[in-house]
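# Provide a 3D model corresponding to the input given below.
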Amino acid sequence: MSKTKQHPLINMTLTAILAAVSVVLSRFLSVNVWNMSIGFAFVPVLICGLLCGPFWCGVCGALADLVGALLFPFGAYFPGFTAVAFLNGVIYGTIGIASEKVKKGWLFLIVSFGLITLSELVCSLALNSLWITILYNSPYFATVLSRVPVSAVTVVLGTLLCLFLRQTIISPLKKLKNN
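Predicted coordinates for the structure are as follows:
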């Protein structure tokens, strides 16, 4: 992402570690009900996006979903959720690009809010609700409505975490990563 050439092995290693952390957070430290998961499994994917960019963040999200579904399943594996996890990661990785381009904190906050809102609307509310409707034959709009409160909280927490992570953790890690 930065102007200096990054070694792909660093991105692969960071992606694998953050995907593993996401699996642990989603499968062991989250509250799961039939149509949603409440937890902080999105944080490692967000960190990957801020450090490595859209592609690697998409890989991180898809890898975390695939490994979690295969090793610690909640139900039958469905590839639609993995595709959405990749798309969600790509959107979070776009926040990483914005982090480098936008220097003002308040503007970065607005961009982060917009991208996380987009992610929640498209990935969580629209697509994941569609997959749940297909898998469990539940009414689509009822599924969407039941997921709105968690998505709203995720937008607010994700936006604040983006700003916090950018100011405290990501900058020193990027310096380490690029050396």
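
# so which strand or helix has the nearest residue to C162 once chain neighbours are set aside?
With sequence-adjacent residues excluded and distances taken as CB to CB, 6 or more residues apart in numbering, C162 is closest to S112, at 4.0 Å. To be clear about C-beta, it is placed using only N, CA and C from the backbone, and glycine gets the same treatment. Here S112, judged by DSSP states H and E, is contained in helix 105-119.

# also N32?
Counting by DSSP H and E, N32 is part of strand 31-33.

# tell me the angle the longest helix along the chain makes with helix 105-119.
Of all segments of type helix in the chain, defined using DSSP state H, the longest is helix 140-165. Counting by axes from the mean of the first three to the mean of the last three CA atoms, to 10 degrees, helix 140-165 lies at 150 degrees to helix 105-119.

# can you name every helix or strand that the next helix or strand after helix 140-165 contacts?
Toward the C-terminal end, the helix or strand that comes next after helix 140-165 (DSSP H and E) is helix 171-178. Under the contact criterion of 3 or more CB pairs under 8 Å, 6 or more residues apart in numbering; DSSP states H and E, helix 171-178 touches helix 42-52.

# quick check, pLDDT for K175.
The model reports K175 with a pLDDT of 75.

# low-confidence ranges in the chain?
Within the chain, the segments meeting pLDDT under 70 span 1-6, 34, 177, 179.

# show me what contacts G158?
Contacts for G158 (CB atoms under 8 Å, 6 or more residues apart in numbering) come out as F42, L46, S112, I116.

# number of nearby residues for the first one?
By other CB atoms under 10 Å, the residues close to F42 number 27.

# please consider this matter closed, and thank you.
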